Each structure stands twice: as C-alpha cells, then as structure tokens.
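**Q** Sequence plus the predicted model coming up.
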Amino acid sequence: MENNGLGGKSIILRLEMNTQEIKFGQVASAIFEAGGDMVAIDVIQASGNITVRDITITVTDSVDIGKITNSVKELKGVRLVNVSDRTFLLHLGGKIETQPKIPIQNRDDLSRVYTPDVARVCTAIQEDPKKAFTLTIKRNTVAVISDGSAVLGLGNIGPYAAMPVMEGKSMLFKQFAGVDSFPICLDTQDTEEIIACIKALAPAFGGINLEDISSPRCFEIEQRLRDELDIPVFHDDQHGTAVVLYAALINSLKIVGKSIDNVRVVVCGIGAAGIACSKILMSAGVKDIIGVDREGALVAGKEYGNKMWQWYAEHTNPNKVEGTLREVIQGADVFIGLSAGGLLRREDVQAMAENPIVFAMANPTPEIRPEEVEDIVGVIATGRSDYPNQINNVLCFPGIFRAALDCRATTINEEMKLAAAEAIASAVSDEERNPSYIIPSVFNQNVVKAIRDLVVKAAVKTGVARRIPRE
Ligand SMILES: NC(=O)c1ccc[n+]([C@@H]2O[C@H](COP(=O)([O-])OP(=O)(O)OC[C@H]3O[C@@H](n4cnc5c(N)ncnc54)[C@H](O)[C@@H]3O)[C@@H](O)[C@H]2O)c1
Ligand SMILES: O=C(O)C[C@H](O)C(=O)O
Ligand SMILES: [Mg+2]
C-alpha cells in the first residue's frame, strides 16, 4: 500500500453503485466509520442508475483495509469492482527503461551507430582502453548491485524481491545527479561468485554501488573489489549511511549543545551500516560508543564468531558495559538504530540523558516511531521520507558518484566521504537549523552540487582523480 506521507497507506476502491438503491453519502459514511479518509472521488462511468466511481482513500497504519472493503461490500446496491494499491500500480513493468540518445533514422545512421562504422570505435578502445570512458556509457554509468541478502530491514529476501529497491536507487541516481545506472540482482550469495561476477561486469561501468548485501560478507566483497578494480566500489549501506549520519549528528549536537567528544552513543544493529557509522563517528572524535546486537552489548574479552564483532568489541565500549539494549541505553546521549523496526520503547528513551538524540534509521519500520517520543527528545530522525529529518543514504550516493564519475576517480576514499558529510551538514544554515530540520531534504537542489564540488576537490587533493573536470 502506498504510504500517504503520514505513516499511512493509500488505496483506490472502484465501486459500481445503483443510485436507486444507495446514495453516495451512505458509502462515504461506511468508509469513514471503518477508519478511511476519502481524499478523491473520480466518476469513471455514469449511465442510467449505474455509476462507477474510483474512491481514493488514505488510512493510518493501524487501520485494517479489510474492514473498509467489507463495510463497503455489505452495503446494498454497491459492488466492489476492484481494490488497487497505488504503490503497486507505480511498479507495474518496473520503474526504469533505457533510452537511446540519438534516433536511428536512416541507413547512414545505422552504419555509424552499429556495424560497420562502430568497428572503428571498438578498435580505438582496444588500442587505448582509457577511451572506454569517452566512447561508451562507462563515463556516466554505475551498477547498483545486490544479492538480496539484507534488503532494507526485511532481511534475506533474495534477488528477485530485491529488484524494486535497486530500481528505486537507479531512479534516484538519475533524478538527483544525472547518473545512469543499472539495477543488477545476482542469484548467488557466495562471496567468491559475487566478486567474480562483479569483476566480469565492471568494463561497462564507471562505478559499482553495492547495496543491501549482508554483513560480514559485504566487508570482504567490497574490500576485494576495491583492491582488484580501478573504478570506485562503494557499499552504500556502509558508507552512504555513515556520511549522512555523521552530517546529521554534527547538526543535532549543535541543537542540543553537546560536543562530539563527550557524548555516549549506543548503536543498535552491528551490521554493515552499524559498523560503518560507528567507524566514522570514532574518527570524528566519539570516544564512548557501545554496540548492541541480538546478543546484547559487544564487550571486549568475549569471543564472537563474527570477525567484525570481535574487532568492534575491542575498539569500542571503553567502560565494558554489558547487557541488553534496555540496560545500556540508560544515560546515553545518542541512539543510532540500524537494526529492525520497533526495538526501542518510549521508556528506553526516557532513561536516556537529557535532550537525547534518537536516530531510528531501520527501514521501512524505524526502531521507534517519532510520534511516540517527540515530546521527550532533543532531536528525532528516521530513514523515511514521510517524517521530518530523513537520514537516508539517498542524500549521499547520487552526489558522491556524480563527483567520482566527473573526475574519473579510481576509488572513493575517506577524505571524499568526509567532504560529502561536510557538504551535507553545511547545506543547513545556522538560521535554518532546528530540531525538525537537521539535514537537508533530498529535494534540496543545492545538495548534490555542493557534495560534487567538495568531493571532486578531495579526490584531486588525494591523487585519485584521473581527470580534473572543467567546472
Ligand atoms: N536510513 C538509512 O539510510 C539506512 C542505511 C542503511 C541501512 N539502513 C537500515 O539499517 C538496518 C540494517 O541494515 P544493514 O545493511 O546494516 O543490514 P545488516 O544485515 O548488515 O545488519 C543488521 C544488523 O542488525 C542486527 N539486528 C537485527 N535484529 C536485531 C535485534 N532484534 N536486536 C539487535 N540487533 C538486531 C543484525 O543481527 C545485524 O547485525 C536495516 O533496517 C536497513 O534498512 C538504513
Ligand atoms: O534503501 C533505503 O531507503 C536506505 C538503505 O539503503 C536501506 O537499506 O535501508
Ligand atoms: Mg540499503
């Protein structure tokens, strides 16, 4: 069901009504009493006593759609023809398509774009492979690649089910930064196979955006590809998230008047995103950071099967605090949720330090909904677009790849990520900053350009740019 912007859904009921048997007012009351809010009515057909209307209804998450449809079905003189979900309608046939840049109108065009003339271009690239950047889509194209193993907070839903998210990322690349991209979902979760597939695909692309690959495999996959390919490989759930989170924290700390080296941060969900976010915060000066996963707080001295957890336990939690989320959240200044929906309770937030910062970033359901705690927090943010303060990697990946492609970067390094965070944080001015506006909107047209410019500078400065773009 489509989210209506208020944590709800939107459906369209097509109803056939016999106006001799029922008045529209009765239908409207039945829908209202079952919890639906009618937002539009379209007359599809009106002939004699029979009218067909499409009724667009929004409902909050707690309302049962079945209750609304049943209440309509029970009315005499009404036939429920169809119930459509606007989100599914939007996905029919997928969300993107390829588009030629030039029309092929005659034989002459055909022989240039295709055989025989195309052969001369092929030979030119064979003689100088760098020309792939100027003479093919490589210059402006990124592969969005997933194995479907950690899709949003839905978990291991597989490559077919992951496609709508990857298509969505491709749309965002194009709309926000003019970057072309292909969504690719691999039907393997074997680390070596994934690495081999991506290496084999790389010639067509100027960058690889890894998406929704679960930890700890994502770390090795990314590292190996970074070592073995000469184009940027960027695991968005790690680095895109870390960049945006850091930007949001810089601005939130200014609001609550706390300093980054004094705050106690609890990170819930020590997976791809949780580890990368913790690392960026540690390099920014956070000293007291406690990671919590299914087994409770990660503490040095314990044995973990997961290599990254072992590393994490040894480099965080200086006071060796043990216990569940409920226990370790007490007195914390900042909560960062990168785990699963509904894990944090209002009582937990009440037990945090004064003016707590709560970033409940699990998608699609945050660890806690803003309406449950907005009266007791300093700042609250989620990963969703239907609440204020959307901390989502979409604020980073279009701009950082725009920069990387423009300067033909061989990699996206730490300096480039920090430059992106700085650009995002400073897109919110001192005058604008307030608890409901800690991070710019993804629709803020200045953000991508600001990221792009600072990231290109960082790439040039650190020697990873193969080209200095004109402007
Ligand atoms: N807002 C954003 O931009 C953004 C970006 C990346 C990820 N996320 C969200 O963060 C979450 C994790 O994504 P990821 O890519 O790191 O996945 P991941 O699979 O690598 O990590 C998830 C971690 O959360 C832990 N976890 C799950 N349920 C838990 C529970 N009940 N208690 C404690 N820990 C629990 C898992 O054990 C795992 O370590 C997802 O919900 C995803 O949608 C949000
Ligand atoms: O896809 C998103 O909305 C953000 C992030 O990549 C996630 O996995 O949740
Ligand atoms: Mg993701």
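**A** Arrived safely, thanks for sending. Ligands and ions are numbered 1, 2, ... in the order given.
**Q** what secondary structure does the closest residue to ligand 1 within the stretch 101-250 of the chain sit in?
**A** Across the stretch 101-250 of the chain, the shortest distance to ligand 1 (Cβ to the nearest ligand atom) belongs to residue 153, at 2.6 Å. (Each C-beta comes from the backbone N, C-alpha and C, glycine too.) Using DSSP: H, G, I helix; E, B strand; the rest coil, the structure places residue 153 in coil.
**Q** What sits closest to it if chain neighbours are left out?
**A** residue 362 (4.4 Å; Cβ to Cβ, 6 or more residues apart in numbering).
**Q** wouldn't the one you found be in contact with residue 154 here?
**A** No: Residue 362 lies out of contact with residue 154 (Cβ atoms under 8 Å); the separation is 10.2 Å.
**Q** Quick check: which element contains residue 249?
**A** Element membership for residue 249 (DSSP states H and E) is helix 241-256.
**Q** Output stretch 219-233 as CSV, nothing but the C-alphas.
**A** Output of stretch 219-233 as CSV, limited to C-alpha atoms (Å, rounded to 0.1, in the frame of the first residue of the first chain):
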residue,chain,number,x,y,z
PHE,A,219,33.1,-6.3,4.0
GLU,A,220,35.2,-8.8,2.2
ILE,A,221,33.3,-8.4,-1.1
GLU,A,222,33.8,-4.6,-1.0
GLN,A,223,37.5,-4.8,0.0
ARG,A,224,38.4,-7.4,-2.6
LEU,A,225,36.7,-5.4,-5.3
ARG,A,226,38.3,-2.2,-4.2
ASP,A,227,41.7,-3.9,-4.4
GLU,A,228,41.0,-5.5,-7.7
LEU,A,229,39.1,-2.9,-9.8
ASP,A,230,40.2,0.5,-10.9
ILE,A,231,36.8,2.1,-10.6
PRO,A,232,35.1,3.2,-7.3
VAL,A,233,33.4,0.4,-5.4
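**Q** Now this structure against ligand 1: closest residue?
**A** For the chain, Cβ to the nearest ligand atom, closest residue to ligand 1: residue 271, 1.7 Å.
**Q** okay, that residue: pLDDT?
**A** What the model reports as pLDDT for residue 271 is 95.
**Q** leaving aside the residues next to it on the chain, what's closest to it?
**A** residue 215 (4.2 Å).
**Q** which parts of the stretch 1-150 of the chain sit against ligand 1?
**A** Contacts of the stretch 1-150 of the chain with ligand 1, taken as Cβ under 6 Å from any ligand atom, map to residue 150.
**Q** Let me see the ranges of the helices in the stretch 1-150 of the chain.
**A** 24-33, 65-73, 86-91, 107-113, 118-127, 132-135 (DSSP state H, counting those that start in this stretch).
**Q** which stretch in these has the least confidence?
**A** helix 86-91 (a mean of 89).
**Q** For that one, C-alpha coordinates in CSV please.
**A** Below are the C-alpha coordinates for helix 86-91, written out as CSV (Å, rounded to 0.1, in the frame of the first residue of the first chain):
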residue,chain,number,x,y,z
ARG,A,86,-1.2,2.9,-5.8
THR,A,87,2.3,1.7,-5.0
PHE,A,88,1.8,-1.5,-6.9
LEU,A,89,0.4,0.4,-9.8
LEU,A,90,3.5,2.5,-9.9
HIS,A,91,5.7,-0.6,-10.0
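**Q** Now for the residue of the stretch 101-250 of the chain closest to ligand 1, how many residues are close by?
**A** Per other Cβ atoms under 10 Å, the neighbour tally for residue 153 reads 19.
**Q** can you pull the contacts of it?
**A** Taking Cβ atoms under 8 Å, 6 or more residues apart in numbering, we find residue 153 in contact with 339-341, 362-365.
**Q** same thing with residue 188?
**A** 147, 194, 197.
**Q** how about it, secondary structure?
**A** coil.
**Q** now swap in residue 366 and tell me
**A** Classification of residue 366 using three-state DSSP returns coil.
**Q** which phi and psi does it have?
**A** phi -70, psi 160 (degrees, to the nearest 10).
**Q** Name the nearest residue to it, sequence neighbours excluded.
**A** Distances taken as Cβ to Cβ, 6+ apart put residue 360 closest to residue 366, at 3.6 Å, once the chain neighbours are dropped.
**Q** burial measure for that neighbour, as a count.
**A** Using other Cβ under 10 Å, residue 360 is surrounded by 30 other residues.
**Q** what sits against it?
**A** By Cβ under 8 Å, 6+ apart, residue 360 lies in contact with 335, 337, 344, 366-370, 380-383.
**Q** Could you list which of the residues you listed belong to helices?
**A** residue 370 (DSSP state H).
**Q** Let's have the contacts of residue 360 in JSON lines, adding distance to residue 91 and neighbour count.
**A** Listed next are these as JSON lines, based on distance: Cβ to Cβ, whole Å; neighbours: other Cβ atoms under 10 Å:
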{"residue": "335", "distance to residue 91": "33", "neighbour count": "25"}
{"residue": "337", "distance to residue 91": "27", "neighbour count": "28"}
{"residue": "344", "distance to residue 91": "31", "neighbour count": "26"}
{"residue": "366", "distance to residue 91": "23", "neighbour count": "27"}
{"residue": "367", "distance to residue 91": "27", "neighbour count": "26"}
{"residue": "368", "distance to residue 91": "29", "neighbour count": "24"}
{"residue": "369", "distance to residue 91": "25", "neighbour count": "20"}
{"residue": "370", "distance to residue 91": "27", "neighbour count": "19"}
{"residue": "380", "distance to residue 91": "30", "neighbour count": "28"}
{"residue": "381", "distance to residue 91": "27", "neighbour count": "29"}
{"residue": "382", "distance to residue 91": "23", "neighbour count": "27"}
{"residue": "383", "distance to residue 91": "20", "neighbour count": "27"}
